[in-house]
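Asks: Sequence plus the predicted model coming up.
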Amino acid sequence: MALEVIILAAGQGTRMKSQLPKVLHPLAGKPMVGHVIDIASELSPAKVHVVVGHGAPLLKDYLADRPLNIAEQTEQLGTGHAVDQAMPHVDSESTVLVLYGDVPLIKKDTLEQLVARAEHSKLALLTVELADPTGYGRIVRNVTGDVEAIVEHKDASAEQLSIQEINTGILALPAAWLKDWLPALSSDNAQGEYYLTDIIEMAAKADLPIAAIQPSSEQEVQGVNNRLQLAELERWYQRQQADHWMTQGATLLDPLRVDFRGDIKIGQDVTVDINVIFEGRVRVGNNVSIGANCILKDCEIADGSVINANSMIDDSKVAENCLIGPFARLRPGTRLDKGAKVGNFVETKKTHLGEGSKINHLSYVGDAEVGCGANIGAGTITCNYDGVNKFKTEIGNGAFIGSNTSLVAPVKVGDGATTGAGSTITKEIPDNALGVARGRQTNLTSWKKPVKQ
């Protein structure tokens with residue numbers, strides 16, 4: 001039986017105190033609804049439906065490039081009404097899994113178990129036991145322990161309020177059952193809404209099998225209603241990531257002060273100091289050292305490289321045994337070959353630095369091709385931008401660029417060539433030649449220092 005997923009993302013989220021729809025608030029650098037869509041996609045469903053409502057234009061913009069069916073709930077009339085907006089697009093022969101855009105950390109294996117139960121013509125619920133179930137719908141079971149209803153907190157009796165097993169809202173069941181039951185829902189309750197949870201009682205009265213399973217942790221099914229809850233869930237998620245990478249052979253000097261925000265892979269015997277952020281797609285090899293306060297975004301760091309403190313690496317590739325920083329910035333398009341060095345207060349952009357080449361300090365090198373074994377002195381800049389267009393600088397193998405050189409692109413410095421310190425180079429320097437381009441020094445011995453009036 002084919003699987004279809006319905007993700008409810010129509011709520012306003014008034015307690016977030018934000019003009020941004022609640023489900024677009026990020027957790028680990030990605031909107032909450034993005035986490036839910038990604039995990040749903042891992043189940044290989046035939047279709048994924050997202051029900052939008054409040055902030056629909058912003059949500060539609062975010063979802064535009066994904067293969068989704070978008071249904072709109074123009075009136076906020078409850079979860080049952082929201083699911084019903086997607087049902088005209090759902091195949092009656094499928095199994096439907098209902099997820100929530102503000103429950104971002106649900107796990108694939110939990111959902112696989114839930115769907116497996118539903119595929120055997122059952123209504124499968126995800127429940128969880130909470131020490132403090134205030135505000136949640138309670139799972140009501142009969143004397144034999146079978147689920148017979150879910151009672152919302154505002155509609156619960158004093159006896160029902162003592163129940164600690166609560167409804168997560170996540171469920172799976174045959175689509176045909178949903179199509180029969182949703183039109184029969186009533187809004188005769190404290191909220192005046194159509195509760196999806198009322199179908200549980202319908203199933204029980206029809207003597208249809210109801211299965212209930214629980215996740216491995218309550219955080220897996222924790223919803224987010226305000227920024228405090230979002231921060232709590234963020235910290236829990238980050239600690240899970242830190243624990244995972246430590247078990248895989250990385251050393252985190254303080255696992256509470258490292259953040260993982262994306263698709264991260266870390267090798268063995270990697271040392272990570274405090275306040276490091278991994279963002280986007282990051283690949284770190286073995287025996288890498290990453291100093292404090294570094295940001296690694298969409299980059300690859302090969303074995304044995306050292307990233308010293310306060311460095312930023314964005315959309316760049318770093319080969320084996322490179323040395324970076326402290327206070328270095330590798331901007332998009334930077335590529336370092338084996339043993340290259342980018343030192344303190346150096347910025348590179350769209351630059352290929354050859355094997356063993358060095359930019360030790362206080363330089364900007366952009367739109368450049370640098371050969372092997374070159375040395376670029378302090379204060380060097382490539383003047384690659386004329387205000388409209390970018391131009392390329394080529395520096396040959398073994399070239400030596402003197403301190404405070406300005407290389408006005410397009411320009412080429414040949415293999416083994418040298419520039420005199422303080423030069424402004426505007427023309428090609430041949431191989432093994434010295435290029436000097438600076439004004440003649442004049443000393444005025446009769447000059448008098450100014451004095452204060």
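Replies: Perfect, thanks for sending it.

Asks: Now do the buried residues in stretch 250-270.
Replies: Residues 250, 252, 255, 257-262, 264, 266-267, 270 are the ones in stretch 250-270 that count as buried (16 or more other C-beta atoms under 10 Å). To be clear about C-beta, it is placed using only N, CA and C from the backbone, and glycine gets the same treatment.

Asks: now these in TSV, with pLDDT, secondary structure and distance to residue 404?
Replies: Below are those laid out as TSV (pLDDT from 0 to 100; DSSP: H, G, I helix; E, B strand; the rest coil; distance: C-beta to C-beta, whole Å):
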residue	pLDDT	secondary structure	distance to residue 404
250	98	coil	41
252	98	strand	40
255	98	helix	44
257	98	helix	38
258	98	strand	38
259	98	strand	38
260	98	strand	41
261	97	strand	39
262	95	strand	39
264	98	strand	40
266	98	strand	39
267	98	coil	39
270	98	coil	37
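
Asks: Find the pair from the residues you listed with maximum spatial separation.
Replies: For the buried residues of stretch 250-270, the farthest-apart pair by C-beta to C-beta is 257 and 267; their separation is 20.6 Å.

Asks: Can you point out the buried residues in the host helix or strand of residue 279?
Replies: Assigned by DSSP states H and E, residue 279 belongs to strand 276-284. For strand 276-284, a neighbour-count test (16+ other C-beta under 10 Å) marks 276, 277, 278, 279, 280, 282, 283, 284 as buried.

Asks: Stretch 72-90 now?
Replies: Using 16+ other C-beta under 10 Å as the burial criterion, the residues of stretch 72-90 that qualify are 73, 77-87, 90.

Asks: Show me these that map onto helices.
Replies: Judged by DSSP state H, helices contain the following of the buried residues of stretch 72-90: 79, 80, 81, 82, 83, 84, 85, 86.

Asks: what distance separates the start and the end of stretch 147-159?
Replies: Stretch 147-159 has an end-to-end distance of 16 Å (C-alpha to C-alpha, to the nearest Å).

Asks: just stretch 39-51 next, same as before
Replies: End to end - C-alpha to C-alpha - stretch 39-51 spans 17 Å.

Asks: With stretch 59-72 instead?
Replies: End-to-end distance for stretch 59-72: 11 Å, by C-alpha to C-alpha.

Asks: about what we covered before: okay, the buried residues of strand 276-284 in JSON lines with pLDDT and distance to residue 388 next?
Replies: Formatted as JSON lines, the buried residues of strand 276-284 follow (pLDDT from 0 to 100; distance: C-beta to C-beta, whole Å):
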{"residue": "276", "pLDDT": "98", "distance to residue 388": "38"}
{"residue": "277", "pLDDT": "98", "distance to residue 388": "34"}
{"residue": "278", "pLDDT": "98", "distance to residue 388": "36"}
{"residue": "279", "pLDDT": "98", "distance to residue 388": "32"}
{"residue": "280", "pLDDT": "97", "distance to residue 388": "30"}
{"residue": "282", "pLDDT": "98", "distance to residue 388": "34"}
{"residue": "283", "pLDDT": "98", "distance to residue 388": "36"}
{"residue": "284", "pLDDT": "98", "distance to residue 388": "38"}
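
Asks: chain center to stretch 124-140: distance?
Replies: Its chain's C-alpha centre and that of stretch 124-140 lie 30 Å apart, by C-alpha atoms, centre = their mean, to the nearest Å.

Asks: what's the span of that stretch, first residue to last?
Replies: Stretch 124-140: ends 15 Å apart by C-alpha to C-alpha.

Asks: ok, now stretch 122-136?
Replies: End-to-end distance for stretch 122-136, by C-alpha to C-alpha: 23 Å.

Asks: Distance from the chain centre to that stretch, please.
Replies: Taking C-alpha atoms, centre = their mean, the mean C-alpha location of stretch 122-136 is offset from the chain mean by 28 Å.

Asks: Report the buried residues of it.
Replies: Of the residues in stretch 122-136, 122, 123, 124, 125, 126, 127, 128, 133, 136 count as buried by neighbour count, 16+ other C-beta under 10 Å.

Asks: just curious, which of those is nearest to residue 108?
Replies: residue 126 (13.3 Å).

Asks: Specify the beta-bridge partners of that closest one.
Replies: Here residue 126 sits in beta bridges with residue 213, going by DSSP bridges.

Asks: which residues touch it?
Replies: Contacts for residue 126 (C-beta atoms under 8 Å, 6 or more residues apart in numbering) come out as 110, 114, 168, 169, 170, 171, 212, 213, 214, 215, 221.

Asks: Please report how far it lies from residue 212.
Replies: For residue 126, the distance to residue 212 (C-beta to C-beta, to the nearest Å) stands at 8 Å.

Asks: C-alpha coordinates for stretch 362-370, CSV please?
Replies: Presented in CSV, the C-alpha positions along stretch 362-370 are these (Å, rounded to 0.1, in the frame of the first residue of the first chain):
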residue,chain,number,x,y,z
LEU,A,362,47.6,40.6,6.6
SER,A,363,46.7,40.0,3.0
TYR,A,364,43.8,39.8,0.6
VAL,A,365,44.0,37.5,-2.4
GLY,A,366,40.9,37.2,-4.6
ASP,A,367,40.3,35.8,-8.1
ALA,A,368,43.8,34.4,-8.1
GLU,A,369,45.6,31.3,-9.3
VAL,A,370,48.7,30.7,-7.2
